[in-house]
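> no FASTA, just this:
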């Protein structure tokens, strides 16, 4: 087990070849998300798995028209928070952190399965909720594309450890 390989090889994939995702791979990817830790272990989230081309195209045309590459992906995930009102003792809303962990588990397992993902925050939540029939007060936190790709994008530069981490105090 060397998760660092998946971390090193994770990319934001924006070119998919349209091939369907193998069901066994998808099952393992969803299981990785299911196992993600959440505040109080409440799992106050749901993910809508969008595979129907008509639903996907309607969603993207109405809620994220500037992200044309998403139509190439065979799967779009809509990460939804059931209880966005819950604030942790530290003062932060749990749903943002919980779903970030869930989606990153999904992204890393997708890498292991030889698939690509891309986090999508550029979308109109109200329009997406309308297309997907999501009731209030449920929130869509992120969309994520998932699928087979032909070419993995090059790695992007990252700041050095010394610049990002501090020991003991600020």
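It's in. Every value quoted in this text rests on a predicted model; they were computed, and no experiment measured them. Numbering: from 1, shown residues only.

> Quick check: pLDDT value at the closest residue in space to residue 98 that isn't next to it in sequence.
When the adjacent residues along the chain are set aside, residue 98 lies closest to residue 38, with 4.2 Å between them (CB to CB, 6 or more residues apart in numbering). Glycine gets a C-beta too; all of them are placed from N, C-alpha and C. What the model reports as pLDDT for residue 38 is 97.

> how many other residues sit next to residue 38?
When neighbours are counted by other CB atoms under 10 Å, residue 38 registers 16.

> Centre of the chain to the longest helix along the chain, how far?
Determined from DSSP state H, the single longest helix within the chain is helix 94-112. Mean C-alpha position of helix 94-112 versus that of the full chain (CA atoms, centre = their mean, to the nearest Å) differs by 6 Å.

> what does stretch 88-100 give?
Between the centre of stretch 88-100 and the centre of its chain there are 16 Å (CA atoms, centre = their mean).

> next one: stretch 105-115
From the chain centre to the centre of stretch 105-115 is a distance of 11 Å (CA atoms, centre = their mean).

> Quick check: buried residues in it?
Buried residues in stretch 105-115, counted by 16 or more other CB atoms under 10 Å: 105, 106, 107, 108, 109, 110, 111, 112, 113, 115.

> wouldn't the fourth one be in contact with residue 5 here?
No: taking contacts as CB atoms under 8 Å, residue 108 lies outside contact range of residue 5: 9.7 Å.

> In TSV, list the buried residues of stretch 105-115 along with distance to residue 144.
As requested, the buried residues of stretch 105-115 are arranged in TSV below (distance: CB to CB, whole Å):
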residue	distance to residue 144
105	11
106	7
107	7
108	12
109	12
110	9
111	13
112	16
113	14
115	11
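
> and the direction of the longest strand seen in the chain versus that of helix 94-112, what angle?
Secondary structure of the chain per DSSP state E: the longest strand is strand 139-147. Orientation check (axes from the mean of the first three to the mean of the last three CA atoms, to 10 degrees): strand 139-147 against helix 94-112 gives 0 degrees.

> Follow the chain on from strand 139-147 and name the next helix or strand.
helix 161-164 (DSSP states H and E).
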